[in-house]
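K.L.:
Sequence and predicted structure, then a few things I'm wondering about:
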Amino acid sequence: MKTKAILLLAIFTTCSAYSQLGIGRLATADKKYDKYAYIDAIEIYEKVAEKGHKSADLFEKLGNSYYFNGEYDKAERWYGELFAMTNDVEPEYYFRYAQALKAVGKYDKADEYLIKFFQKTNNPTGEELQNNKDYLKQLRVNSDRYTVENAGINTEFSDYGAFLKGDEVIFTSARSTGDVFQKKHTWTGQYFTRLFTAKAGEDGMLSDAKEFSKDLDSKFNEATPVFTKDGNTVYFTRNNYNDGKKGKSSDKINKLKIYKATLKDGKWTDVTELPFNNDNYSVAHPALSADEKTLYFSSDMPGTLGQSDIFRVAINDNGTFGSPENLGPAINTPMRETFPFITDKNVLYFASDDHLGIGGLDVFEAKMNKDGSFTAIKNVGAPVNSAKDDFGYVVNSKTHIGYFTSNRDGGVGSDDIYKFKENVCEQLLKGTITDKETAAALPGAKVSLFDANMELIKAVEANENGDFAFEENIDCDKKYYVRAENPDYETKEISVSIPLKSGESRADIALEKRIKPIEVGTDLAKIFDISIIYFDLDKWNIRPDAAVDLEKIIAVMKQYPNMKVDIRSHTDSRQTHKYNERLSDRRAKSTLEYMVKNGIERSRLSAKGFGETQLVNGCSDGVPCSEAEHQKNRRSEFIILSM
């Protein structure tokens with residue numbers, strides 16, 4: 001990706017090891033490499049390597065030269081030569097080699113080197129990778145979520161970083177503006193970037209690209225703008241350049257900064273840098289929250305967890321800014337996170353090359369909770385993500401049309417803008433609230449919907465038929481909880497997993513009455529949902545789990561001291577009739593003895609085993625039945641004989 005001059009927020013330095021060998025061409029290449037003019041250095045390094053010269057430093061620089069320009073397939077060759085020579089390299093080379101291997105489809109080998117990298121750096125993603133060996137398959141499951149195509153305005157130069165502004169898209173491009181004195185960057189071999197605008201059709205296709213405004217031009221790069229809703233304020237990325245002067249860090253590097261400009265009388269004026277910029281680190285790629293009170297951005301400022309992190313900062317009512325806040329390890333990693341975008345539904349999209357991905361930079365998403373924290377991140381999957389770099393994701397949450405940038409194979413230039421249509425997955429969650437015993441509808445029951453973190457989303461009342469429905473706020477491939485409440489019934493809550501396809505999901509809930517009427521003939525086992533008093537195989541002593549259910553019966557009988565109960569034990573038809581009758585009778589009497597031992601007078605109890613003589617279905621000897629059908633016949637009953 002040739003836009004690494006904009007993307008790379010943490011630049012490393014290197015030194016020449018070849019000048020002492022008296023190889024003048026290598027010394028020249030090293031000098032250009034150290035100035036980040038990688039395009040010029042590659043040709044010289046490669047010619048030396050092709051003549052058979054081998055050096056870890058040479059292979060590192062060749063690999064890096066291609067890697068940082070997004071030519072991962074070529075980087076893979078030279079990193080391969082490096083590791084064939086030695087494993088005594090810095091941990092980041094394991095990571096870069098893995099990313100390059102992904103780009104050429106060598107995923108198994110890539111995972112090997114990723115695991116080694118994670119082990120060397122104690123990165124928790126290593127455990128995630130080892131526990132999700134089939135993660136690539138999972139990332140391709142959602143491939144029908146998007147329809148992707150070239151946006152229509154790409155050139156042989158780098159085009160990236162789209163922003164939706166009404167019926168136009170403002171984007172970044174290294175194409176020619178037609179200016180006589182337009183400069184080229186020695187690193188990329190392309191013109192310094194400018195902001196361009198294009199018309200967006202109803203289908204999202206772009207046309208009529210032209211320069212956005214010369215008011216914002218400088219001698220260096222302008223990129224990645226974000227506008228307020230009224231269109232009168234823009235935040236954008238630019239190299240450190242103020243009042244005609246080029247600013248540099250203490251190590252002589254021209255970093256990136258975010259600038260703000262205001263539209264007055266048709267002109268962009270008052271171009272000023274934001275107060276949390278600094279000459280010694282980069283701040284780039286702004287994004288605004290829907291209420292325009294928070295600015296998100298990428299930076300390698302102090303407090304960064306990796307090479308670059310996503311931060312946010314409050315925009316105060318008086319136009320001042322709060323203190324930047326790192327979004328933390330839920331989002332950021334020891335590597336790169338960049339190009340944030342947040343929707344009006346508080347879904348954060350960003351690019352990362354550390355979280356498990358298909359290759360290079362991948363686009364990820366995370367939902368922001370009410371307290372400002374984020375849910376677990378999720379890779380948006382193919383076809384948005386590819387084996388190369390994919391970033392700069394933006395979307396209109398109403399039309400579900402959006403854009404992202406990629407240097408994938410088959411593009412027009414080094415970076416291209418792609419249009420996508422999100423094939424929306426729409427779900428209706430509905431159900432019926434009923435009385436568990438009678439199946440009668442319970443109109444007026446309160447039904448509450450909670451997300452996976454038990455945050456209340458919405459509450460409704462069941463209609464006259466006991467029906468309810470949630471038509472909004474239901475996302476596909478998510479887990480929810482549905483709670484039903486009625487003053488006369490026990491509250492019940494169930495979990496519902498919404499599938500990754502459009503349709504309807506049901507959450508029927510049957511409630512049990514709080515006060516259960518009992519009379520002669522009532523089976524207390526049904527009242528307390530006791531299907532069977534379980535015994536170990538061929539035994540009849542009371543197990544601890546069975547004792548819990550028996551204590552319920554005992555408690556009722558103590559509450560009603562005149563109540564008499566007949567204990568009945570039943571079996572299924574498997575085993576012989578005689579065996580089943582003896583076994584069930586012993587178990588019924590063992591149940592009686594337990595209840596006597598625990599305070600119930602023997603005179604109030606009777607017990608008998610019926611074996612397989614009172615089957616509740618047709619599962620008699622010789623009749624093929626499922627385990628579930630046999631289970632219905634294995635039951636315990638506690639029939640009230642008198643009150």
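P.N.:
Yep, that arrived.
K.L.:
okay but Ile310 is in contact with Thr333, surely?
P.N.:
No. Assessed by CB atoms under 8 Å, Ile310 is found out of contact with Thr333, at 10.4 Å. In this view, the C-beta of every residue, glycine as well, is placed from N, C-alpha and C.
K.L.:
where does Phe83 land in three-state SS?
P.N.:
helix (DSSP: H, G, I helix; E, B strand; the rest coil).
K.L.:
Neighbour count for Ile310 and Thr333, which is higher?
P.N.:
Using other CB atoms under 10 Å as the criterion, Ile310 and Thr333 rank with Ile310 on top: 26 against 19.
K.L.:
Name the residues that touch stretch 408-416?
P.N.:
Stretch 408-416 is contacted from outside by 1-3, 69-70, 150-151, 154-160, 188, 190, 386-390, 405-407, using CB atoms under 8 Å, 6 or more residues apart in numbering.
K.L.:
How about stretch 446-459?
P.N.:
Outside stretch 446-459, the residues touching it (CB under 8 Å, 6+ apart) are 369-370, 375, 429, 431, 433, 460-462, 468, 470, 472-473, 478-486, 509.
K.L.:
Which members of the contacts of stretch 408-416 are classed as buried?
P.N.:
Neighbour counting with 16 or more other CB atoms under 10 Å marks 1-3, 69-70, 150-151, 154-155, 157-160, 188, 190, 386-390, 405-407 as buried within the contacts of stretch 408-416.
K.L.:
Any stretches of the stretch 401-550 of the chain with poor pLDDT?
P.N.:
531, 534-541 (pLDDT under 70).
K.L.:
and stretch 469-483, C-alpha only, in PDB?
P.N.:
Output of stretch 469-483 as PDB, limited to C-alpha atoms (Å, rounded to 0.1, in the frame of the first residue of the first chain):
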ATOM      1  CA  ALA A 469     -42.900  -8.600  19.000                       C
ATOM      2  CA  PHE A 470     -39.700  -6.600  18.800                       C
ATOM      3  CA  GLU A 471     -39.200  -5.300  15.300                       C
ATOM      4  CA  GLU A 472     -36.400  -2.900  16.000                       C
ATOM      5  CA  ASN A 473     -33.000  -3.300  17.700                       C
ATOM      6  CA  ILE A 474     -32.700  -6.900  16.700                       C
ATOM      7  CA  ASP A 475     -29.300  -7.600  15.100                       C
ATOM      8  CA  CYS A 476     -28.500 -10.800  13.300                       C
ATOM      9  CA  ASP A 477     -25.900 -13.100  14.800                       C
ATOM     10  CA  LYS A 478     -26.400 -11.800  18.300                       C
ATOM     11  CA  LYS A 479     -27.600 -13.200  21.600                       C
ATOM     12  CA  TYR A 480     -30.500 -11.600  23.500                       C
ATOM     13  CA  TYR A 481     -32.400 -12.300  26.700                       C
ATOM     14  CA  VAL A 482     -36.200 -12.100  26.900                       C
ATOM     15  CA  ARG A 483     -37.900 -11.700  30.300                       C
END
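K.L.:
Okay, buried residues for that stretch please.
P.N.:
Under 16+ other CB under 10 Å, the buried positions of stretch 469-483 are Ala469, Phe470, Ile474, Asp475, Cys476, Lys478, Tyr480, Tyr481, Val482, Arg483.
K.L.:
Show me those that map onto strands.
P.N.:
Among those, the residues falling in strands (DSSP state E) are Ala469, Phe470, Tyr480, Tyr481, Val482, Arg483.
K.L.:
what pairs with the second one across the strands?
P.N.:
For Phe470, the beta-bridge assignment (DSSP bridges) gives partners Leu429.
K.L.:
one step back: and the ones in strands among the buried residues of stretch 469-483, which is closest to Leu305?
P.N.:
Tyr480 (31.7 Å; CB to CB).
K.L.:
which of the buried residues of stretch 469-483 lies closest to Ile253?
P.N.:
Checking the buried residues of stretch 469-483 one by one against Ile253 (CB to CB), the nearest turns out to be Asp475, at 42.9 Å.
K.L.:
which ones are touching the closest residue to the closest one other than its chain neighbours?
P.N.:
In this structure, Asp475 finds its nearest non-sequential neighbour in Ile498, 6.8 Å apart by CB to CB, 6 or more residues apart in numbering. Residues in contact with Ile498 (CB under 8 Å, 6+ apart) are Gln427, Leu429, Ile474, Asp475, Cys476, Asp477, Lys478, Lys479, Tyr480, Ser505.
K.L.:
let's see 10 Å
P.N.:
Listed by CB atoms under 10 Å, 6 or more residues apart in numbering, the contact partners of Ile498 are Cys425, Gln427, Leu429, Ile474, Asp475, Cys476, Asp477, Lys478, Lys479, Tyr480, Ser505.
K.L.:
just those now: which is nearest Asn64?
P.N.:
Using CB to CB, Asp477 comes nearest to Asn64 of the contacts of Ile498, at 38.4 Å.
K.L.:
what kind of secondary structure is Lys552 in?
P.N.:
Classification of Lys552 using three-state DSSP returns helix.
K.L.:
how near is it to Phe83?
P.N.:
Distance of Lys552 to Phe83, given as CB to CB, to the nearest Å: 67 Å.
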